[in-house]
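**Q** predicted model and sequence below, questions to follow.
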Amino acid sequence: MTALITAGFDGTDESLAALSWAAREAVRQDAALRVVHAWEVHPDATVDRATQEGWARDAVTRAVERIAARHTGLDITADTVEGPVVETLAGAGGLLVLGSRGHGAVVGFLLGSVGQQVIADAVHPVVLVRAGDDAAHEAAGRDIVVGQEGAPEDSADALGFAFATAAARGARVRAVRAWTLPPLFAYSPGSLMLLDEVGGPEPFERKALADAVRPWRERYPKVSVVEHIEMGSAGQVLLAAAGEAQLVVVGRRARRTAVGARIGSVAHGVLHHAPCPVAVVPHA
């Protein structure tokens, strides 16, 4: 899936969980692991720049030593980068893994403005990991849930990421498509004809999901797949499926708007409330 996995690290419990997740994934993917600590000089600090840089380097060194001891043979490099955090992390190569504070099912993820902007600006997939996440959450029997919407090409990148990850883990993919009944005036003569040909809206949605998943079934024949359609909002349906998942994969449009890059409402909702790690995959 990728030759490089980058873990953003800042010494917090959340970033330690993200680093552990990234290391396990690097082993599974036979990828190199890069640990990046982006920091900026605090002008009001009581110590000078050199001391601040030393603290950053020491924290990264200790974390890398722990990971190297757990995963002997893993190719690990560490970089302490002075500069803007968002630009540094968003421009990192390969899959990017970040930590995210969580406070239970009600409050959910506290993603923060930096995390949101990194996800919005990153050109590669970004995985958010809660503090406390560990290898036990990747136990057999837990699905990799991926959201599918629109035409097959609209979710191709997210589906590809989910299937590649499932193949490396020996996991099952649960492909989820949500649907709602639009207002009567939204039906055009053409759409009514298509719905009539397949027997109604539910069979239409089932066929749309099957068509999107088919090429990935063919590419990864050993990956078990469940195709799940459900009436409701995309965010709610994905969150319901995420309860027993080991990873949720959502797509987001990579286009920038007049007000800047955006995560999207579905990805935003899943990021804030899913109980497991969430991968956000950009697509055109």
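**A** Right, received. Where do you want to start?
**Q** domain ranges for this structure?
**A** 1-133, 138-284 (automatic domain parsing).
**Q** now those domains in CSV, with mean neighbour count and mean pLDDT?
**A** No exception for glycine: its C-beta is placed from N, CA and C like everyone else's. As requested, the domains of the chain are arranged in CSV below (neighbours: other C-beta atoms under 10 Å; pLDDT from 0 to 100):
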stretch, mean neighbour count, mean pLDDT
domain 1-133, 18, 83
domain 138-284, 18, 85
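**Q** in the protein, which spans are helices?
**A** Along the chain, counting by DSSP state H, helices occupy 13-29, 49-70, 85-90, 104-107, 112-121, 156-169, 189-198, 201-219, 234-241, 265-273.
**Q** save these as JSON lines, and put in distance to residue 225 too.
**A** Putting the helices of the chain into JSON lines (distance: least, C-beta to C-beta, whole Å) gives the following:
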{"stretch": "helix 13-29", "distance to residue 225": "19"}
{"stretch": "helix 49-70", "distance to residue 225": "32"}
{"stretch": "helix 85-90", "distance to residue 225": "32"}
{"stretch": "helix 104-107", "distance to residue 225": "28"}
{"stretch": "helix 112-121", "distance to residue 225": "27"}
{"stretch": "helix 156-169", "distance to residue 225": "8"}
{"stretch": "helix 189-198", "distance to residue 225": "21"}
{"stretch": "helix 201-219", "distance to residue 225": "6"}
{"stretch": "helix 234-241", "distance to residue 225": "14"}
{"stretch": "helix 265-273", "distance to residue 225": "20"}
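**Q** what's the closest of those to residue 252?
**A** Each of these has some distance to residue 252 by C-beta to C-beta; the shortest is helix 265-273, at 4.8 Å.
**Q** now do the closest one against helix 156-169, angle only.
**A** In terms of direction (axes from the mean of the first three to the mean of the last three C-alpha atoms, to 10 degrees), helix 265-273 departs from helix 156-169 by 40 degrees.
**Q** helices or strands up against helix 265-273?
**A** Applying 3 or more C-beta pairs under 8 Å, 6 or more residues apart in numbering; DSSP states H and E, one finds that helix 265-273 contacts strand 109-110, helix 112-121, helix 234-241, strand 245-253, strand 278-283.
**Q** by how many degrees do that helix and strand 245-253 diverge?
**A** Interaxial angle, helix 265-273 versus strand 245-253 (the same axes, to 10 degrees): 150 degrees.
**Q** chain center to helix 265-273, what's the gap?
**A** 11 Å (C-alpha atoms, centre = their mean, to the nearest Å).
**Q** likewise stretch 274-281?
**A** 5 Å.
**Q** in the sheet, who's paired with the closest residue to residue 85 other than its chain neighbours?
**A** Closest residue to residue 85 apart from its sequence neighbours, by C-beta to C-beta, 6 or more residues apart in numbering: residue 38 at 4.4 Å. Beta-bridge pairing of residue 38 under DSSP bridges involves residue 81.
**Q** correct me if wrong: residue 38 contacts residue 83.
**A** Yes: the pair residue 38 and residue 83 qualifies as a contact (C-beta atoms under 8 Å) at a distance of 6.4 Å.
**Q** contact partners for residue 13?
**A** 99, 131, 132 (C-beta atoms under 8 Å, 6 or more residues apart in numbering).
**Q** try 7 Å
**A** residue 131 (C-beta atoms under 7 Å, 6 or more residues apart in numbering).
**Q** what do you get for residue 53?
**A** 80, 82.
**Q** one more: residue 117?
**A** Neighbour list for residue 117: residue 86 [criterion: C-beta under 7 Å, 6+ apart].
**Q** distance-wise, check residue 52 relative to residue 59.
**A** Distance of residue 52 to residue 59, given as C-beta to C-beta, to the nearest Å: 11 Å.
**Q** swap in residue 158?
**A** For residue 158 relative to residue 59 (C-beta to C-beta), the value is 33 Å.
**Q** which residue packs closest to residue 36, ignoring adjacent ones?
**A** Closest to residue 36 by C-beta to C-beta, 6+ apart is residue 79, at 5.1 Å.
**Q** swap in residue 209?
**A** residue 177 (4.2 Å).
**Q** over to residue 236?
**A** Going by C-beta to C-beta, 6+ apart, residue 236 has residue 178 as its nearest residue, at 7.6 Å.
**Q** wait, the one you found sits on residue 232?
**A** Yes: if you go by C-beta atoms under 7 Å, residue 178 and residue 232 touch, sitting 5.5 Å apart.
**Q** give me the beta-bridge partners of the residue nearest to residue 236?
**A** Assigned bridge partners for residue 178, using DSSP bridges, are residue 230.
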